[in-house]
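**Student:** take this sequence and fold it.
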Amino acid sequence: MPAPLDQAFGNMNDIHIKKKKKSRKDVIYPQELTSSSMPNDTDSFFPVQQFQKSPHQIKEDQLKRKQEELENREKMLQQQMQHVPKQEKQTYPERLVISDNDWTAFKQYQEERYNQANKRPINSVEGFVNMNDDFNDVLLFGLLGVFFLIFTDYIYKLGKKSY
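**Tutor:** Coordinates of the predicted model:
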């Protein structure tokens with residue numbers, strides 16, 4: 001039978017939960033910021049003018065800088081395009097038109113050159129003429145049987161070692 005929660009964990013009045021007190025030392029509120037707390041060093045990481053500008057002004061400055069960069073890039077591209085010589089008219093090679101008879105003669109010539117380079121007669125046939133396809137099947141069956149026996153023996157030995 002299950003026990004009630006009060007018996008298992010005790011009364012809720014007995015449990016005291018400790019709360020962490022948050023230290024407010026790291027938080028800087030806007031009213032605490034004054035002009036005296038601004039950095040006066042010229043070597044500081046952030047310039048003083050950046051803190052005095054509103055976010056809207058900062059965005060406008062960034063947009064102006066980006067626009068200037070784009071204009072500079074466009075000028076550079078235009079200068080580069082001026083230095084590239086333009087071709088007035090593209091020239092294509094003229095097409096050679098041949099008849100079907102000339103094409104077949106050319107293909108025969110290529111085939112004869114290929115056969116002479118390989119020193120092979122035109123009507124040569126490669127392969128095993130005396131060998132039967134049934135022999136290949138028997139050979140494959142035998143090798144597969146040997147492989148199966150070796151594999152089965154290996155599995156048997158692994159099972160024997162595990163006990």
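**Student:** residue 115: how many residues sit nearby?
**Tutor:** Look at residue 115: counted by other Cβ atoms under 10 Å, it has 13 neighbours. (Each C-beta comes from the backbone N, C-alpha and C, glycine too.)
**Student:** quick one, phi/psi of it?
**Tutor:** Reported as degrees, to the nearest 10, the phi and psi values for residue 115 are phi -70, psi -40.
**Student:** for stretch 150-163, buried residues please.
**Tutor:** Across stretch 150-163, burial judged by 16 or more other Cβ atoms under 10 Å covers no residue at all.
**Student:** same question for it, mean pLDDT?
**Tutor:** What stretch 150-163 shows for mean pLDDT is 91.
**Student:** hey, C-alpha coordinates of that stretch in PDB?
**Tutor:** Taking C-alpha atoms only, stretch 150-163 is exported to PDB below (Å, rounded to 0.1, in the frame of the first residue of the first chain):
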ATOM      1  CA  ILE A 150      35.300 -22.100 -44.400                       C
ATOM      2  CA  PHE A 151      32.700 -19.500 -43.200                       C
ATOM      3  CA  THR A 152      30.700 -22.100 -41.300                       C
ATOM      4  CA  ASP A 153      33.800 -23.500 -39.600                       C
ATOM      5  CA  TYR A 154      34.800 -20.000 -38.600                       C
ATOM      6  CA  ILE A 155      31.400 -19.300 -37.100                       C
ATOM      7  CA  TYR A 156      31.500 -22.600 -35.200                       C
ATOM      8  CA  LYS A 157      34.900 -21.800 -33.700                       C
ATOM      9  CA  LEU A 158      33.600 -18.400 -32.600                       C
ATOM     10  CA  GLY A 159      30.700 -20.000 -30.900                       C
ATOM     11  CA  LYS A 160      32.900 -22.600 -29.200                       C
ATOM     12  CA  LYS A 161      35.200 -19.900 -27.800                       C
ATOM     13  CA  SER A 162      32.300 -17.900 -26.300                       C
ATOM     14  CA  TYR A 163      31.500 -20.600 -23.700                       C
END
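**Student:** next secondary structure after the lowest-mean-pLDDT helix or strand in the chain?
**Tutor:** None of the helices or strands of the chain scores lower by mean pLDDT, DSSP states H and E than helix 48-52, at a mean of 59. Following helix 48-52 in sequence order, the next helix or strand is helix 55-83 (DSSP states H and E).
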